[in-house]
Structure formats: C-alpha cells, structure tokens
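Participant: Show me how the following folds:
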Amino acid sequence: MPVGVEAAAVSNGHHTRVRYVRRRDTAFARFAGATCRLFQTLRTNTWTTWTALHPARRRARVRTRIRVQYRHSARRVVLSADAAPRRLFTRTARHRREDEDGNVPIGNAAWFRKWNVTSYEEYYALRELSFYVEHPCVDELPRNDFARKFRLPYETFYALYEEMKHDDFMRERSMAVPMKIKLLASLRYLALGVPWDAMEDIVNVSRRTLRTWFYKKFLPWMMKHKYHEHVQYPTTSDEVAVLMDPWTRAGFPGCIACVDGVHIPWGGYRAGRKYMYVGKEGVPTLGFNVTIDYDGRIIFCSDRQRGSVNDKTAIKFDELNCDVL
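Facilitator: Now for the predicted structure:
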C-alpha cells in the first residue's frame, strides 16, 4: 500500500515531482523526504539569487542542500514510515497441546517438540557404563536392542558420545536438544536411510535441527577423527586372500574385486572450462572409481577425476590399483 509524501517544485522551468512509494524502501524514503524538504526550502528563497547562479553552481548547491537535509530529515521519514498501517500477521503454534494436567504450553514451549516423549525414551535413559559394570542385569533388554537398532553396541556408542562431548568443535550455542539425542538420531538415520521427515517423527526433533547437526557437526567430526582409523582398503597378503577366496570358488581365480567409474553431475567448474568435465554423459560431472568386493560392499573410492577422463586413464590414478595390484 503506497504510504508517504508528495512534493513539487519549479527548477529551471521544469515541473519536478518526487513520490515516496512504499514503506519498505527505506533508502528511497529517506532520499525522497530530504528532496521534498529541499524543494520546500527553495520555494521560500528569492528566485533572483537562484537564477543568477551559474548552472554548475546551481547543481553543487542542490547536492550540498540534499546532503544537509538528508541528515536532518532521515529520522522523521523513518518515524513516519513506521507509523504507517500494517497488515496483521498471526500464526498458531504447531505443538500447542495440553499436557496430562490440562495445562496449555505458552511462549517458546508451544513451538518446541518434546524430544523425550517418544518410543526411544528407554534408549535416552540408558546410564553410564560404570553403572552397568556393577549392575549387569539392569536395562539388559534395551541394551541388547540398542545394537540392533543403531548398528553398534551401547559400549561403543557411549565411548563415541564421551569423545564428542569433550571436543570444542562439537559445542553449540544452543543445547535445547541434547547432543546424545542428535547422535542417536544420526546413527539411526545411517541405519535406516530414510528421509529426515521420517526421522523427525521417530525422535520427535525438528528435521532441520537433525539435518544441520548431521552435516555440519557429525560428518566433519567423523571424517577427521574416525574415518582413517576404521576405513581402509586391504594391504596385506592375508587380507587380499580373504577377498580372493569367494571369487576363486565362483570360477574367477586371481580376482579380488570389481571396479567401475561413477559419475556425479557437478556445476562447480570455472567459466570457460566446461569442456574439461563433459564426457559420455553429456553433462559436466566428476568421476570416481568405486571398488566393491564379491558381496557388493564398497571397499574403496578413489579421488575425484574430471568427467572427461577415460576409464583407462582414471585407473592409473586409483590408489588401490597402484598399491595392491
């Protein structure tokens, strides 16, 4: 809705009109207000002095007065814009539900999910490892189900949680959702491979909170501290023999794995170098050599290559091929 002022003045015989069109255009509003006040001042001056000036001096005086009037009228223009009528905007809290006592949450509590009211509550409540050493029969069933649901024993999870908790990188400004809950959600996400919308319903935490913590905290920390410790391709003769055994029984003696190039679309190339990343796919890509064993498990992924690189060339830069074969 147009809100503002309108002014007119006569300068060099031309009719000049300035309009402040919208409340949100703050910079233009300030300039328009200053210009209007300047024209009002010019109308009160004697036109004899004004017309006697050289055109260049006229323009200089106009610029000077605009700067002066801009400083003095900026606050008035902003105040008049804030006083303009606004459209009312309201929204209802998503989680404004009554509790067991009939009380309705107010304030921020009406917007937060109750992460402790889920079917995973029994896993959240598991205690420290030292307690279960002294009481091995307590919470035995949840601890056994823990390894099945999250794909690692509770002892391993708790050691990982303690290591993350004491790392400065994992500290956050807001701890509305405990780190233990987000770590459990990340592990469950890796185990199931479901969308974040489904994880939101499972752990009762916002999908945005879970997704942000997973990509900005969990993955960088795991790549830095755990990846090179636990992920590596076979290097010894015994490990190679283990890989070769199922292929030998299938009729392919001497074979240890299968490797193929995987191309991923990519648009981060520099201008003028698109041709370096376009191969048989017809679009810019990055290529990776992925090696799998007899059971289809990925045992190695090479460094990225340009999409236009042929498979025969890419295999020469494959670390597994260079170190093992």
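
Participant: Touching, Gly129 and Tyr158? I think so.
Facilitator: Wrong residue type there; residue 129 is Leu, not Gly. Yes - here Leu129 reaches Tyr158: they are 5.4 Å apart, a contact under CB atoms under 8 Å. Using the backbone N, CA and C atoms, a C-beta is placed for each residue, glycine as well.

Participant: Between these two, which is the more surrounded one?
Facilitator: Set side by side, Leu129 and Tyr158 show more neighbours around Tyr158, with 17 against 12, by other CB atoms under 10 Å.

Participant: The more buried one should be in a strand, yeah?
Facilitator: No - secondary structure of Tyr158 (DSSP: H, G, I helix; E, B strand; the rest coil): helix, not part of a strand.

Participant: Please enumerate the strands of this structure.
Facilitator: Secondary structure of the chain (DSSP state E): strands at 6-11, 14-19, 258-265, 285-292, 298-301, 305-306.

Participant: Helices of the stretch 151-300 of the chain, start to end?
Facilitator: For the stretch 151-300 of the chain, applying DSSP state H, counting those that start in this stretch gives helices covering 154-165, 179-192, 196-203, 207-213, 219-225, 227-230, 237-249.

Participant: right, and those helices - which one's nearest Tyr123?
Facilitator: Closest approach to Tyr123 among the helices of the stretch 151-300 of the chain (CB to CB): helix 179-192, 6.4 Å.

Participant: Which strands or helices does that closest one pack on?
Facilitator: helix 121-124, helix 140-150, helix 154-165, helix 196-203, helix 207-213 (3 or more CB pairs under 8 Å, 6 or more residues apart in numbering; DSSP states H and E).

Participant: Give me the contact list for the third one.
Facilitator: Contacts of helix 154-165 from elsewhere in the structure, counted by CB atoms under 8 Å, 6 or more residues apart in numbering, are 126, 128-129, 143, 146-147, 150, 170, 179-180, 183-184, 187, 221, 225.

Participant: got it, and the shortest one?
Facilitator: Outside helix 121-124, the residues that touch it by CB under 8 Å, 6+ apart are 116, 139, 142, 146, 149, 180-181, 184.

Participant: and it, which residues are buried?
Facilitator: Going by neighbour count (16 or more other CB atoms under 10 Å), the buried part of helix 121-124 is Tyr123.

Participant: Let me see the mean pLDDT of that helix.
Facilitator: Averaged across helix 121-124, pLDDT comes to 82.

Participant: related to what we said a few turns ago, can you convert the helices and strands packed on helix 179-192 into a markdown table and add a column each for distance to Met244?
Facilitator: Below are the helices and strands packed on helix 179-192 laid out as a markdown table (distance: least, CB to CB, whole Å):
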| stretch | distance to Met244 |
| --- | --- |
| helix 121-124 | 41 |
| helix 140-150 | 31 |
| helix 154-165 | 30 |
| helix 196-203 | 40 |
| helix 207-213 | 41 |
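
Participant: Mean pLDDT lowest where, among these?
Facilitator: helix 121-124 (a mean of 82).

Participant: Where does pLDDT dip in the protein?
Facilitator: Applying pLDDT under 70 to the chain flags residues 1-116.

Participant: tell me the domain boundaries of it?
Facilitator: Taking automatic domain parsing as the reference, the chain has its domains at 6-82, 113-228, 237-324.
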